[in-house]
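*Asks:* here are the coordinates; sequence isn't available:
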């Protein structure tokens, strides 16, 4: 289908978002085209607001309005336990289980030879620095696919050198599974059944 130039530009921009394919981008674009001015102004304002008001937590890299996020600054959290996740979606999935009361560390990039990506050195260094603050265990909660396993093994080696226990999510997570799409019961069982690696 041939779209007007500006509509095609919007579709191409939306396709760049994770999980948005060409058909969904086209539906979003037509929704935006047909929406009222107030709805569009609110959308534009919301996008501008997050770009201007949010930054990454200086401890765990989750989006926050302050220098330290609510989880890292919560004194009721177990500061001796860190759960390493790929992204904020995985963090939120684990939080929904209400079974984990430690801290988090977001990698954002994992080892992926096909994509040529590797965890950022700054984030890995920050994780290793955090271990000096009395951390007793690190749970590596990357996906159970090849990239997640490679990343887990790489981090486990670095963490063990610091004399800190390293564990991996236990039973419940299927091989090749994605953390952010797992249900709360599966993730709860995975957290409870984690194994040292």
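*Replies:* Cool, got the structure. On a predicted model such as this, the values are computed, not experimentally measured, just so you know. Numbers count the residues shown, from 1 in each chain.

*Asks:* list the buried residues in stretch 83-93.
*Replies:* 83-88, 90-91, 93 (16 or more other CB atoms under 10 Å). C-beta here means a position set from N, CA and C on the backbone, and glycine is covered the same way.

*Asks:* okay, now the domains of the chain?
*Replies:* Recorded structural domains for the chain (assignment: automatic domain parsing) are 5-53, 63-196.

*Asks:* which stretches of this structure form helices?
*Replies:* When assigned using DSSP state H, the helices of the chain occupy the ranges 5-15, 22-34, 37-53, 88-97, 121-130, 146-160, 184-192.

*Asks:* among these, which is nearest residue 109?
*Replies:* Minimum separation from residue 109 across the helices of the chain (CB to CB) falls at helix 121-130, 8.0 Å.

*Asks:* give me the low-pLDDT residue ranges for this structure?
*Replies:* For the chain, applying pLDDT under 70 flags the ranges 1, 170-176, 185, 189, 195.

*Asks:* spatially central residue in it, please.
*Replies:* residue 87 (1.0 Å; CA atoms, centre = their mean).

*Asks:* isn't that one right up against residue 104?
*Replies:* No. Residue 87 lies out of contact with residue 104 (CB atoms under 8 Å); the separation is 10.7 Å.

*Asks:* re the thing from before, farthest-apart pair in the buried residues of stretch 83-93, please.
*Replies:* It's 84 and 93 that sit farthest apart of the buried residues of stretch 83-93, by CB to CB, at 13.9 Å.
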